[in-house]
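Colleague: need coordinates for the following:
(2 chains)
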Amino acid sequence: MILYTPMQLELVLAGLEQMKHYPERKATVNGVPALVRNVGGQEELVQLLSTNPKDYLRMDLYPGAPVIPSR
Amino acid sequence: MSYYQSFDEVPGLFPYHPPSQPGPETDPHRTDNPCDDPNTERNRVVGKAKNTLETVKEMGTTQVPEIKSNIHCLTIVGQIEGHLVLPPQNKTTKYEHMIPQLVALEQSTEVEGIVVVLNTVGGDVEAGLAIAEMISSLSKPTVSVVLGGGHSIGVPIAVATDYSFIAETASMTIHPIRLNGLVIGVPQTYEYLDKMQDRVVRFVTAHSHVTQEKFRELMFRTGELARDIGTVLIGHEAVECGLINEVGGVHNAMDKLKSLVEDWKSRNEGIMQ
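Modeller: Reported below is the predicted structural model:
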């Protein structure tokens, strides 16, 4: 990966080693398959797995959105 | 002939007779009022969407009518995140969410124009170029506005649209690509870096009025940046070198997009007829 940015790399990548990894799992969020993770008791959407492009325009589904997965 | 007839022996397979019972909308003898008594008020309207009051009465719910704009706004902020998840102090734009969004926008019948608002400090080359290529290959009219800054990989995204604006005080940094991480000091490394840079230079020069010589000169200029070689273009300067089309803000961008949408609509009508 090549970062092309005028920002200092030390600033961009600071804390990379201390970054916590939260285990991700597949779930259905509001009827859409997605990857979710539990961050401090709150379920958070990581990435949509849907192949329907319209799901990506939904206002309730975006990376980082607090969600209630059904499965 | 006998081959097809053999199917008739199996009932229900061929020829296929769907079990059709005339519904209220297909029944030719249907009276206008489903209630036989003409004095009672009609309680059912065929082929008409229920209005809010009817939904409240029948379902006990309200559905606030959504006023949808024919223009979609895409905001590109912070770092454009690539294949590596950046530490949480970065504000990031996630390409894996943006790319399907752009597909949906292309497909959508409601969206007629797209405005891209940029305030980015660059980011991953591949992810940035992917977004730029997606925007440039949309069939719908697109306009971009660079507000605070559109640096590094923000430059190809800004020029990818049909028409670009830059705010009076906004800046764009143009500088060479450097390798980060483990670098092996061999000539091949330099060639690889040069190829990466060529991708950006080629995209920018193909989608704007800046020449390759001029863009490379801006990229390798010395004495402008404190820690690097390159140039910072502010507002008018970006327009003067041909990188951006016009200095302006949201108002100018929306006006331009409206006229582009009108052109696009009339062109599409011409194809249809």
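Colleague: my guess is A:Tyr56 contacts A:Leu45, does it?
Modeller: No. Applying CB atoms under 8 Å, one finds A:Tyr56 not in contact with A:Leu45, separated by 11.8 Å. Every residue, glycine included, has its C-beta placed from N, CA and C.
Colleague: contact partners for B:Leu233?
Modeller: Contact criterion CB atoms under 8 Å, 6 or more residues apart in numbering or on different chains gives B:171-174, B:218, B:241, B:243 as the residues in contact with B:Leu233.
Colleague: show me the common contact partners of A:Tyr56 and A:Leu45, please.
Modeller: Applying CB under 8 Å, 6+ apart, one finds that no residue jointly contacts A:Tyr56 and A:Leu45.
Colleague: out of the contacts of B:Leu233, which is nearest to B:Ser266?
Modeller: Proximity of these to B:Ser266, judged by CB to CB, is greatest for B:Leu243, which lies at 29.5 Å.
Colleague: chain B - how does it break down into domains?
Modeller: When chain B is parsed with automatic domain parsing, its domains come out as B:1-67, B:71-264.
Colleague: can you tell me which of the ones you listed is most buried?
Modeller: Mean neighbour count, computed with mean count of other CB atoms under 10 Å in any protein chain shown, is highest for domain B:71-264 among these, reaching a mean of 19.
Colleague: spatially central residue in chain A, please.
Modeller: A:Val46 (2.1 Å; CA atoms, centre = their mean).
Colleague: show me what the host helix or strand of B:Pro100 is packed up against.
Modeller: Take DSSP states H and E as the rule and B:Pro100 turns out to sit in helix B:95-107. Taking 3 or more CB pairs under 8 Å, 6 or more residues apart in numbering or on different chains; DSSP states H and E as contact, the helices and strands that helix B:95-107 lies on are strand A:42-48, strand B:71-81, helix B:125-136.
Colleague: buried sites along the helix or strand bottoming out on mean pLDDT in chain A?
Modeller: One helix or strand of chain A scores below all others by mean pLDDT, DSSP states H and E: helix A:9-12, with a mean of 87. Within helix A:9-12, the residues that qualify as buried are A:Val12, counting by 16 or more other CB atoms under 10 Å in any protein chain shown.
Colleague: export it to CSV, keeping only CA atoms.
Modeller: Extracted C-alpha coordinates of helix A:9-12, given in CSV (Å, rounded to 0.1, in the frame of the first residue of the first chain):
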residue,chain,number,x,y,z
LEU,A,9,3.4,9.5,8.0
GLU,A,10,4.3,9.4,11.7
LEU,A,11,1.1,11.3,12.3
VAL,A,12,-1.1,9.2,10.1
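Colleague: partners of the very next helix or strand once past it in the sheet?
Modeller: The helix or strand immediately downstream of helix A:9-12 is strand A:24-29, counting by DSSP H and E. The strands beside strand A:24-29 in its sheet (DSSP bridges) come out as strand A:32-39 (antiparallel).
Colleague: what residues of the partner strand count as buried?
Modeller: Residues of strand A:32-39 classed as buried: A:32, A:34-37 (neighbour count, 16+ other CB under 10 Å).
Colleague: any weak-confidence spans in the stretch 1-150 of chain B?
Modeller: Within the stretch 1-150 of chain B, the ranges that satisfy pLDDT under 70 run B:1-66.
Colleague: returning to what we had before: show me which of the contacts of B:Leu233 neighbour chain A.
Modeller: Contacts with chain A within those, counted by CB under 8 Å from any CB of the partner chain: B:Thr173.
Colleague: just give me the closest of the contacts of B:Leu233 to B:Gln89.
Modeller: Of all the contacts of B:Leu233, the one sitting nearest B:Gln89 is B:Thr173; the distance, using CB to CB, is 20.4 Å.
Colleague: now what about the helix or strand hosting that closest one, what contacts it?
Modeller: B:Thr173 belongs to strand B:171-174 when elements are defined using DSSP H and E. The contact list for strand B:171-174, computed with CB under 8 Å, 6+ apart, reads A:6, B:122, B:146, B:148-152, B:154-155, B:158, B:166, B:215, B:218-219, B:225, B:230-235, B:238, B:243-244.
Colleague: which stretches of chain A have low pLDDT?
Modeller: With pLDDT under 70 as the threshold, chain A has low-confidence stretches at A:71.
Colleague: contact residues of it facing chain B?
Modeller: Of all the residues in chain A, those in contact range of chain B (CB under 8 Å from any CB) are A:1-9, A:12-16, A:19, A:47-48, A:53-57, A:62-63.
Colleague: PyMOL command for the buried members of these?
Modeller: Command for PyMOL, covering only those of those found buried under the criterion 16+ other CB under 10 Å:
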select buried, chain A and resi 2+3+4+5+6+7+12+13+48+53+55+56+57+63
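Colleague: now the strands: where do they sit in the stretch 151-273 of chain B?
Modeller: Using DSSP state E, counting those that start in this stretch, the strands found in the stretch 151-273 of chain B span residues B:163-166, B:171-174, B:231-234, B:246-247.
Colleague: how about those strands in TSV, adding mean pLDDT?
Modeller: Below are the strands of the stretch 151-273 of chain B laid out as TSV (pLDDT from 0 to 100):
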stretch	mean pLDDT
strand B:163-166	97
strand B:171-174	94
strand B:231-234	94
strand B:246-247	96
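Colleague: distance to B:Lys140 for these - can I get that in JSON lines?
Modeller: Below are those laid out as JSON lines (distance: least, CB to CB, whole Å):
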{"stretch": "strand B:163-166", "distance to B:Lys140": "13"}
{"stretch": "strand B:171-174", "distance to B:Lys140": "25"}
{"stretch": "strand B:231-234", "distance to B:Lys140": "28"}
{"stretch": "strand B:246-247", "distance to B:Lys140": "20"}
